[in-house]
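Peer 1: Have a look; sequence and predicted model below, questions after that.
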Amino acid sequence: MESVEQRKRILISVDWFPPAFRAGGPIRSAANLASLLAKQAEVWVVTGALDLGESSPVVNQLNQWVSVPTENGFIKVWYGSEINRRFWKNTLDEIQPHAVHLNSVFSPVFTLLPLRLLRTQKQIKTIIAPRGMFGASALGIKPLKKRVFLSLSRMMGWMDNVQWHASTAAEKHEVKAILPRAQVSVAQNLSSLLPQDNPARSTEKWRIVIMGRIHRVKNLDFGLKALLKSVSARPLEVHFIGPVEDEYYKRELEQLAMKNDSVMVQFVGGVPPSELKPHFQAAHYLLSSTTQENFGHSIVEAWAHGCPVLISDRTPWRNLSEKGIGWDWPLDEAIWDSGLKTAFSVPPENWQEMSEASRQFFSAHVRSEEAERANLALFEL
């Protein structure tokens, strides 16, 4: 067996890391990657002290290396309240990593600061995961500032020696469209492991879960409107699960829900990933009317828990009806009306077949050996 001294040292930089959870998918992507890497390497993570939108630290042990257990051994995490250029220089000198993985494009503290230092340290492999930030919807937020930065990056060659980590082939094309000379590898994001159990659901009602931040950019009102208009022989329950980032938008959703008393709508609030299992396992479908999704942790984790999905065609997951694991529809009201009518007329025995097919698809195509190999290959492990 390879000795500890021979194991590669890998440093991951990310704005948020568990127990933070409010920023959603990117946190889970980084945490699952760190756990996988811990099989074969020594792993350090540098992250912030606060969760998204919060003022209290996520842990008590700040500004020191904390040993954190994963499925594959311990990693060391620095929850920093003051991270500056000097910190990064000292950390790189101390760890002397073989590779650094940056989980953002535009983060000033967790990408741009270390990137400036790494440009002069060619012996360290630098990997950047854009995490959907090169998608059209993401670039549409503060577009001028982002496009100026990217233009300067191309002109100055700031990212010439970077290895890009795309989650999908589509994201690879997004990176190449902006940085034509970029070296891009595709390694699918890693989800949590497949749960052992898949309990039966109620046949007296339909329960739909909508997971993610309550924010206008998530296009939640489109999905809710479709549900409120849907036709079903069973009562319908809709559970919104996610932190409220836009209180006004939540009120709009609540007012929408009042237009149909026969549909029960509940706002559960933010739930840590470790506590999501019972919500998935009580649901018949996960719904996402997103306008852009780079990966979709809630989608794939729904499949892991035997929950088919009702989603837009703006994610990497397509042709779901053919696979028997849900539906993906264009964001067209008439198509969603028709699609939901079909979904809510599925007999219990057919739904159970979809549930099992979802779990099989997860094992074969999501948390698969191929996905793990691709992620390890980024670091030449």
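Peer 2: Noted; the coordinates are in hand.

Peer 1: can we go C-alpha only for contacts and neighbour counts from here?
Peer 2: OK.

Peer 1: In this structure Ala129 contacts Val105, no?
Peer 2: Yes: proximity of Ala129 to Val105 meets the contact threshold set by CA atoms under 8 Å, at 7.4 Å.

Peer 1: all strands of the stretch 51-200 of the chain, in order?
Peer 2: With strands called from DSSP state E, counting those that start in this stretch, the stretch 51-200 of the chain shows them at 65-70, 73-80, 99-102, 125-128, 163-166, 183-186.

Peer 1: wait, what's in contact with Glu237?
Peer 2: 205-208, 263-266 (CA atoms under 8 Å, 6 or more residues apart in numbering).

Peer 1: rewinding a little: got a markdown table for the strands of the stretch 51-200 of the chain, with mean neighbour count too?
Peer 2: Formatted as a markdown table, the strands of the stretch 51-200 of the chain follow (neighbours: other CA atoms under 10 Å):
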| stretch | mean neighbour count |
| --- | --- |
| strand 65-70 | 14 |
| strand 73-80 | 20 |
| strand 99-102 | 24 |
| strand 125-128 | 22 |
| strand 163-166 | 23 |
| strand 183-186 | 20 |
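
Peer 1: And the ones you listed: which comes nearest Ser137?
Peer 2: Nearest to Ser137 among the strands of the stretch 51-200 of the chain is strand 163-166 (16.8 Å), distances taken as CA to CA.

Peer 1: Give me the sheet partners of the closest one and which way each runs.
Peer 2: strand 125-128 (parallel), strand 183-186 (parallel) (DSSP bridges).

Peer 1: Adding mean pLDDT and distance to Ala99 as columns, could you present those in TSV?
Peer 2: Shown next, in TSV, are these (pLDDT from 0 to 100; distance: least, CA to CA, whole Å):
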stretch	mean pLDDT	distance to Ala99
strand 125-128	96	4
strand 183-186	95	15
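
Peer 1: Where does the prediction get shaky in the stretch 1-150 of the chain?
Peer 2: 1-5 (pLDDT under 70).

Peer 1: in it, which spans are helices?
Peer 2: 25-37, 85-95, 113-118, 136-139, 143-156 (DSSP state H, counting those that start in this stretch).

Peer 1: Just the CA trace of the fourth one, in CSV.
Peer 2: Pointing back at helix 136-139 there. In CSV, the C-alpha atoms belonging to helix 136-139 read as follows (Å, rounded to 0.1, in the frame of the first residue of the first chain):
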residue,chain,number,x,y,z
ALA,A,136,-26.0,32.2,-20.1
SER,A,137,-28.2,32.8,-17.1
ALA,A,138,-25.3,33.1,-14.7
LEU,A,139,-23.4,35.5,-17.0
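
Peer 1: residues in contact with that helix?
Peer 2: 132-133, 146-147, 291-292.

Peer 1: could you redo the residues you listed as TSV and give each row distance to Ser153 and neighbour count?
Peer 2: As requested, the contacts of helix 136-139 are exported to TSV (distance: CA to CA, whole Å; neighbours: other CA atoms under 10 Å):
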residue	distance to Ser153	neighbour count
Gly132	18	23
Met133	15	20
Lys146	10	18
Arg147	10	14
Thr291	27	17
Gln292	24	20
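
Peer 1: Out of the residues you listed, which is nearest to Lys122?
Peer 2: Nearest to Lys122 among the contacts of helix 136-139, with distances taken as CA to CA, is Met133, at 25.3 Å.

Peer 1: Could you chop the protein up by domain?
Peer 2: 4-190+368-378, 206-366 (automatic domain parsing).

Peer 1: I'd say Ala38 and Val68 touch.
Peer 2: No: taking CA under 8 Å as the definition, Ala38 is not a contact partner of Val68, at 11.1 Å.

Peer 1: Give me the common contacts of the two.
Peer 2: With CA under 8 Å, 6+ apart as the test, Ala38 and Val68 both reach 74-75.

Peer 1: The stretch 201-350 of the chain: strands as residue ranges?
Peer 2: Using DSSP E, counting those that start in this stretch, strands in the stretch 201-350 of the chain cover 206-211, 236-241, 263-269, 285-288, 309-312, 326-329.

Peer 1: ok, residues contacting the fifth one?
Peer 2: Contacts of strand 309-312 with the rest of the structure, by CA under 8 Å, 6+ apart, involve 285-291, 299, 302-303, 325-331.

Peer 1: rewinding a little: among the strands of the stretch 51-200 of the chain, which is nearest Ile12?
Peer 2: Here strand 99-102 is closest among these (CA to CA), at 4.7 Å.

Peer 1: Show the average pLDDT along stretch 303-321.
Peer 2: Stretch 303-321 shows a mean pLDDT of 96.

Peer 1: Next: stretch 280-295.
Peer 2: pLDDT averaged over stretch 280-295 gives 95.

Peer 1: And for stretch 334-351?
Peer 2: Mean predicted confidence for stretch 334-351 is 97.

Peer 1: Put the alpha carbons of it into CSV.
Peer 2: C-alpha atoms of stretch 334-351 as CSV (Å, rounded to 0.1, in the frame of the first residue of the first chain):
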residue,chain,number,x,y,z
ALA,A,334,-49.2,24.2,-22.4
ILE,A,335,-46.5,21.4,-22.5
TRP,A,336,-46.2,21.5,-18.7
ASP,A,337,-50.0,21.3,-18.4
SER,A,338,-50.1,18.2,-20.6
GLY,A,339,-47.0,16.7,-19.0
LEU,A,340,-48.3,17.0,-15.4
LYS,A,341,-51.6,15.5,-16.4
THR,A,342,-49.6,12.5,-17.6
ALA,A,343,-47.4,12.3,-14.5
PHE,A,344,-50.4,12.5,-12.2
SER,A,345,-52.2,9.7,-14.0
VAL,A,346,-49.5,7.1,-13.5
PRO,A,347,-50.8,4.0,-11.7
PRO,A,348,-49.1,3.1,-8.4
GLU,A,349,-47.5,-0.1,-9.9
ASN,A,350,-46.1,1.9,-12.8
TRP,A,351,-44.8,4.7,-10.5
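
Peer 1: Nice, that's everything, thank you.
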